[in-house]
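Engineer: below: sequence and its predicted model.
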Amino acid sequence: MYFECLISLTSFVLLSAARIPGPEERIVGGYNIPIKDVPWQVSLLNNGVHDCGGIIYSDRVILTAAHCLEGVNLQKFWIRAGSPIWSKGGQLVKVQKAIPHEHYKSKSLPNDVAVLILRSPLKFDANVKKIALADTTPKAGTMSLVSGWGYTTDKGVTSPILKGVNVAVVSQTDCKKAYGNSIITKDMICAWAPGKDACTFDSGGPLISLPDRKLIGIVSFGGVCASNIPGVYADVAFFRNWIIDTIKKNI
């Protein structure tokens, strides 16, 4: 899923009305992208339906957003890797364990990161690969790529085919002006481009830096998709040690 909220803006011109975050995720203003171009991308399937994105860290570990675990039935929780179509193809593997960050809060969405342990290992090939984690927070202006099967319009439906879109990292200062200082915390990064955005059901998916192709963010929440308000992502560099320690404790 993906959380959307409308916040009154200062430097970003949008709507003055405020709205409590609610589920919504997607790629807007993007393009169909071959899975071989983003082989670390997976779909999280809850009861057989695409619910969120995820990222391959290793053959048995998937990273995603903590809010993607809300309401999940672990007995019917799978990931699909290696296919540009979330409903078929590739490798289908059951999730054995799901570990959200212990300080995640669903209302304001700080610490929106989680680790999934798979029951059996993925088989790496041209369409299924792990991705390296960023070790430093990206600078404002860093070009990046976000991908997923989410909505392609603000009030649309999920895309059956994987899509990607290029956005640029926005400074924390500008992001705080857009959302309000109390919402954007030090564990978050923001990214934006005119008419381009992640959206509902892109949550948990990867934001990668270009051209070095490292994982810099995990889709968390945003305003109206592809509006003048940036999308918000969990800062992977910030959570790097937590991710590594959590994996060591659970695998």
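Structural biologist: That came through, no problem.
Engineer: could you use CA atoms for every contact and neighbour count after this?
Structural biologist: Fine.
Engineer: next, give phi and psi for Phe216.
Structural biologist: Just to correct that, residue 216 is Ile rather than Phe. phi -110, psi -20 (degrees, to the nearest 10).
Engineer: now Lys249
Structural biologist: phi -80, psi -20.
Engineer: how far away is it from Ile117?
Structural biologist: 11 Å (Cα to Cα, to the nearest Å).
Engineer: these two: who's more crowded?
Structural biologist: For Lys249 versus Ile117, neighbours defined as other Cα atoms under 10 Å are more numerous around Ile117 (21 against 7).
Engineer: from Gly48, how far out is the more buried one?
Structural biologist: Distance, Ile117 to Gly48, by Cα to Cα: 18 Å.
Engineer: same check, this time on Lys97
Structural biologist: 17 Å.
Engineer: could you do Phe238 as well?
Structural biologist: On the measure of Cα to Cα, Phe238 and Gly48 end up 32 Å apart.
Engineer: one more: Gln96?
Structural biologist: When Gln96 is compared with Gly48 (using Cα to Cα), they lie 16 Å apart.
Engineer: and if you look at His103?
Structural biologist: Taken as Cα to Cα, the span from His103 to Gly48 is 29 Å.
Engineer: hey, where'd the helices end up in this structure?
Structural biologist: Assigned by DSSP state H, the chain shows helices spanning 172-179, 236-250.
Engineer: give the rounded mean pLDDT of the first one.
Structural biologist: Here the mean pLDDT over helix 172-179 is 93, rounded to a whole number.
Engineer: stretch 206-213 now?
Structural biologist: Per-residue scores along stretch 206-213 average to 97.
Engineer: can you name the residues that contact Arg119?
Structural biologist: Going by Cα atoms under 8 Å, 6 or more residues apart in numbering, Arg119 touches 60, 93-96.
Engineer: for it, which non-adjacent residue is spatially closest?
Structural biologist: Gln96 (4.8 Å; Cα to Cα, 6 or more residues apart in numbering).
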